[in-house]
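Curious how this folds, go ahead:
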Amino acid sequence: MRQIPGLILAAWMAAGQQAPQPTAGQAVAQGEAPRPVYLLSPGDQIVIRAQNVEEISEKPFRIDGEGFLNLPVVGRIRAAGLTVEQLEAVLVDRLKLFVRAPQVVVSVIEMMRQQEVVNPVYLVGAFKQPGVYPLGTRPETLGEVLMRTGGLLPTAMRRVRVIRRAEQGRLDLKNVTESTDGKTTYGEVALTATGELADPADNIALKPQDVLVASKLEPVYVTGEVARSGAFPLEDREHLTAAQILSMAGAGPQADLEKARVLRVVGDTSQRAEIPVNLRAVFQGKANDFPLMANDVLFIPRKSGAGRTVAQVGLIAVPALITSLIWVWVR
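Predicted coordinates for the structure are as follows:
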């Protein structure tokens with residue numbers, strides 16, 4: 001049984017995304033993004049992502065000894081001998097009975113058959129087409145590989161981490177870091193909103209066994225004395241400001257805007273630094289607004305001694321921006 005290599009699996013888990021799909025080194029028609037062409041076999045394990053079909057989505061399923069998948073809702077279907085793309089088409093056809101315009105993505109996370117890919121490079125995480133792709137007959141650059149494989153998902157961070165094995169030499173990037181075991185080096189490159197490399201100097205030639213990792217863009221969070229706590233997506237923005245988030249969430253009637261705090265993750269630890277932000281001064285134009293990055297938490301405390309809640313004074317239904325401005329004004 002062949003499983004996803006440890007280095008690749010670790011990168012996939014760090015990215016918080018689906019496992020990469022193995023693909024054979026077959027030629028791709030000009031102008032088309034390569035798709036996995038591995039033929040599924042009995043014993044292979046897959047993960048299915050099916051929008052609006054929770055019974056099968058984001059769950060692992062194994063092809064039985066006779067080559068069939070037994071799936072909730074869908075039923076029993078033959079999978080062995082099909083490509084990943086063909087299986088997706090079969091699932092879409094079956095799900096049309098239950099879901100309007102179904103969308104399905106299949107990922108192979110464990111293979112029974114050994115498969116050779118010549119000079120592979122691994123795309124892991126929030127790419128449009130994650131998988132294992134062969135480098136071309138001539139040296140290919142990072143930009144070329146990103147272009148021919150479709151680039152990043154809209155929900156991905158505009159940064160890509162490049163990991164290289166030590167036997168392939170050190171990465172020719174700025175701020176390269178060596179892993180603690182000395183077996184790899186890694187660095188990050190920034191992309192523009194259109195998916196191009198922000199710095200042309202980062203367009204390095206890739207080498208076999210290189211791993212490219214794209215992480216999903218995390219939201220920012222707000223909690224405390226607000227009308228609507230929760231997560232707010234950054235979408236295609238690099239950041240949202242504290243005032244923007246509070247305007248969307250709505251300040252509660254007992255919010256202490258002078259003592260707002262931003263909780264930010266420290267490095268690769270689970271600890272968070274506490275950064276004071278005087279939002280009252282921001283709204284009055286006396287202080288600069290504070291940019292919130294992905295995974296930041298904006299905490300709005302309640303005034304000491306305050307007893308009423310947002311629900312009791314009925315401000316939840318008031319538009320968030322108006323709520324915020326009224327609260328600053330009445331203070």
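
For residue 293, which non-adjacent residue is closest in space?
residue 239 (5.4 Å; C-beta to C-beta, 6 or more residues apart in numbering). C-beta here means a position set from N, CA and C on the backbone, and glycine is covered the same way.

Could you chop the chain up by domain?
As assigned by automatic domain parsing, the chain contains the domains 1-22+117-216, 30-110, 220-330.

would you list those domains in a markdown table and tack on mean neighbour count?
Below are the domains of the chain laid out as a markdown table (neighbours: other C-beta atoms under 10 Å):
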| stretch | mean neighbour count |
| --- | --- |
| domain 1-22+117-216 | 17 |
| domain 30-110 | 16 |
| domain 220-330 | 16 |
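
Adding mean pLDDT as columns, could you present those domains in a markdown table?
Output for the domains of the chain, formatted as a markdown table (pLDDT from 0 to 100):
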| stretch | mean pLDDT |
| --- | --- |
| domain 1-22+117-216 | 79 |
| domain 30-110 | 82 |
| domain 220-330 | 75 |
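
ok, now how distant is the residue sitting nearest the centre point of the chain from residue 129?
The structure's the chain has its C-alpha centroid closest to residue 216; by C-alpha atoms, centre = their mean the separation is 1.5 Å. According to C-beta to C-beta, to the nearest Å, residue 216 stands 16 Å off from residue 129.

next one: residue 257
Going from residue 257 to residue 129 by C-beta to C-beta gives 46 Å.

which SSE is the residue lying closest to residue 74 once chain neighbours are set aside in?
Distance criterion C-beta to C-beta, 6+ apart; nearest residue to residue 74, sequence neighbours excluded, is residue 94 at 4.8 Å. Per DSSP states H and E: residue 94 is located in helix 84-95.

beta partners for residue 124?
Using DSSP bridges, the beta-bridge partners of residue 124 come out as residue 213.

That one against residue 214, yeah?
Yes. Using C-beta atoms under 8 Å, residue 124 is in contact with residue 214, at 7.4 Å.

how about the residue nearest to residue 74, what does it touch?
74, 75, 77 (C-beta atoms under 8 Å, 6 or more residues apart in numbering).

what is the second one paired to in the beta sheet?
Looking back up the chat, that one is residue 75. Beta-bridge partners, per DSSP bridges, of residue 75: residue 71.

Distance-wise, check it relative to residue 55.
In this view, residue 75 and residue 55 are 11 Å apart by C-beta to C-beta.

Ok, residue 149 next?
Distance of residue 149 to residue 55, computed by C-beta to C-beta: 31 Å.

hang on, the earlier thing: who touches the residue nearest to residue 293 in this structure?
The contact partners of residue 239, taken as C-beta under 8 Å, 6+ apart, are 220, 291, 292, 293, 294.

can I get those in a markdown table with distance to residue 41 and secondary structure?
Below are the contacts of residue 239 laid out as a markdown table (distance: C-beta to C-beta, whole Å; DSSP: H, G, I helix; E, B strand; the rest coil):
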| residue | distance to residue 41 | secondary structure |
| --- | --- | --- |
| 220 | 44 | strand |
| 291 | 50 | strand |
| 292 | 47 | strand |
| 293 | 44 | coil |
| 294 | 39 | coil |
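
Include distance to residue 159 when you put those into CSV, please.
Listed next are these as CSV, based on distance: C-beta to C-beta, whole Å:
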residue, distance to residue 159
220, 17
291, 16
292, 17
293, 12
294, 10
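
Need the max-distance pair from the residues you listed.
291 and 294 (11.0 Å; C-beta to C-beta).

what about the residue lying closest to residue 169 once chain neighbours are set aside, which SS state?
Nearest residue to residue 169, sequence neighbours excluded (C-beta to C-beta, 6+ apart): residue 207, at 7.4 Å. Going by DSSP: H, G, I helix; E, B strand; the rest coil, the secondary structure assigned to residue 207 is coil.

Quick check: residue 207 vs residue 223, distance?
Counting by C-beta to C-beta, the gap between residue 207 and residue 223 amounts to 45 Å.
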